[in-house]
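S.K.: Give me coordinates for this.
(one chain, ligands or ions: 1)
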Amino acid sequence: MTQSKPTQSTALGTSSRDKYTDKDGQYRPPVSKFRDIISPDPSAPFPAEKDRYALYIHYGCPWAHRTNIVRSLKGLEDVIQLIVLDAFDPAKSWYFSGKLGPDKDPLYGVKYLRDLYMRVDPEYQGRVTVPTLWDKKKETIVNNESSEIIRMFNTAFDALLPEEKRESTKASAGLLPPHLQADIEEMNEWVYKNINAGVYGAGFASTQQAYEEHVFPLFKSLDRLEEHLSQPGHSPYLFGEHITEADIRLFPTLVRFDTAYYTLFKVNLKMIRHDYPKLHEWLRRLYWDESEKTNGAFKNTTRFEEIKSGYTLATRQEIVPAGPIPDILPL
Ligand SMILES: N[C@@H](CCC(=O)N[C@@H](CS)C(=O)NCC(=O)O)C(=O)O
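M.R.: Below you'll find the predicted structure:
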């Protein structure tokens, strides 16, 4: 039998760079194929129910990280099961190595997340990605697009939560308050393009030109965010007194920046801790907040070791960078 043995945990899914870059050396992000929506309506195809859904993640992945933050921030730990994969095989994608968590899927006993994708669609040709939101009742994938998963987590399960956790109760203090929605979405768009995806564009570029096309706009956008935070009404969080979706979508990228991206993705014109005082404060304020209000959602979902080792292997390097020490400075 010639089945390939899983290689060491090459996390973050992108170790086989050639497969994922186009002829110009540009990184091609995966296309999210599963786009169903969980609804508060009990008669909907995917109704919000306790114990019905499971979220598959890897701690290194920033897209998975945002979904895990919202799960925790909303207090959905008892409603949505979390299943952590800890390793990646370039040929077969995410799997359970047993080193940092279970050695097989707790639901079906399979080794690979791909096995679940194949169960849903034996002809599936796309990439197998985290996060993946699974319906245990219909035994299918609901959605594998983080931007949509965080929206569902923010509102669809509210009837199952105590009043103070509901988006409608929070009104202007919600994650996506109506009066800020347009501004938040405008920011999400350029932050996604230049920062969230920008680091990947630089880090996985396979030509000098492709790298430079991403690295300069990335730092321009960080400069723009630094300036944004100095404007009235934009502190301590991006849109004022309350954490919004914009903060949640930026955090996973910035918390990885100095420790992983700066060295491993060569996005090294500036560091958050040395060159962006306002962003640095914003980052630490979120990370170190262990109050009841946030449930410690930012710190508890961040695993620096897995972030560093994941990106080391994903960029086909062997030595995990020692610094910077500490991973994040105190507030
Ligand atoms: N648009 C997706 C992107 C997810 C994504 O790129 N996940 C990476 C890990 S950070 C992955 O699973 N990659 C595996 C692959 O591309 O084969 C989302 O936001 O959920």
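S.K.: Stretch 189-204 and the ligand in contact?
M.R.: No: residues of stretch 189-204 contacting the ligand under Cβ under 6 Å from any ligand atom: none, with a closest distance of 7.9 Å. (C-beta placed from N, C-alpha, C; glycine too.)
S.K.: Using neighbour counts, pick out the buried residues of that stretch.
M.R.: Buried residues in stretch 189-204, counted by 16 or more other Cβ atoms under 10 Å: Val191, Asn194, Ile195, Asn196, Ala197, Gly198, Val199, Tyr200, Gly201, Ala202, Gly203, Phe204.
S.K.: Redo the residues you listed as JSON lines? Include pLDDT.
M.R.: Formatted as JSON lines, these follow (pLDDT from 0 to 100):
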{"residue": "Val191", "pLDDT": "98"}
{"residue": "Asn194", "pLDDT": "98"}
{"residue": "Ile195", "pLDDT": "98"}
{"residue": "Asn196", "pLDDT": "98"}
{"residue": "Ala197", "pLDDT": "98"}
{"residue": "Gly198", "pLDDT": "98"}
{"residue": "Val199", "pLDDT": "98"}
{"residue": "Tyr200", "pLDDT": "97"}
{"residue": "Gly201", "pLDDT": "97"}
{"residue": "Ala202", "pLDDT": "97"}
{"residue": "Gly203", "pLDDT": "97"}
{"residue": "Phe204", "pLDDT": "95"}
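S.K.: Please convert the residues you listed to CSV, extending it with distance to Phe251 and secondary structure.
M.R.: Shown next, in CSV, are these (distance: Cβ to Cβ, whole Å; DSSP: H, G, I helix; E, B strand; the rest coil):
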residue, distance to Phe251, secondary structure
Val191, 11, helix
Asn194, 16, helix
Ile195, 11, helix
Asn196, 10, helix
Ala197, 15, helix
Gly198, 15, helix
Val199, 13, helix
Tyr200, 16, helix
Gly201, 19, helix
Ala202, 19, helix
Gly203, 18, helix
Phe204, 21, coil
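S.K.: Going along the chain from the one helix or strand Ile248 maps to, find the next helix or strand for me.
M.R.: Assigned by DSSP states H and E, Ile248 belongs to helix 245-256. Next along the chain after helix 245-256, taking DSSP H and E as the criterion, comes helix 262-264.
S.K.: Against which helices or strands is that following helix packed?
M.R.: Here helix 262-264 is seen to pack against helix 304-314 when contacts are counted using 3 or more Cβ pairs under 8 Å, 6 or more residues apart in numbering; DSSP states H and E.
S.K.: Send me the helix it packs on as CSV with only the CA atoms.
M.R.: This file holds the C-alpha atoms of helix 304-314, laid out as CSV (Å, rounded to 0.1, in the frame of the first residue of the first chain):
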residue,chain,number,x,y,z
PHE,A,304,1.4,31.4,20.3
GLU,A,305,3.3,28.1,20.2
GLU,A,306,0.9,26.7,17.6
ILE,A,307,0.9,29.9,15.6
LYS,A,308,4.7,29.9,15.4
SER,A,309,5.2,26.3,14.7
GLY,A,310,2.3,26.3,12.2
TYR,A,311,3.7,29.1,10.1
THR,A,312,7.2,27.8,10.3
LEU,A,313,6.1,24.5,8.7
ALA,A,314,3.7,26.2,6.3
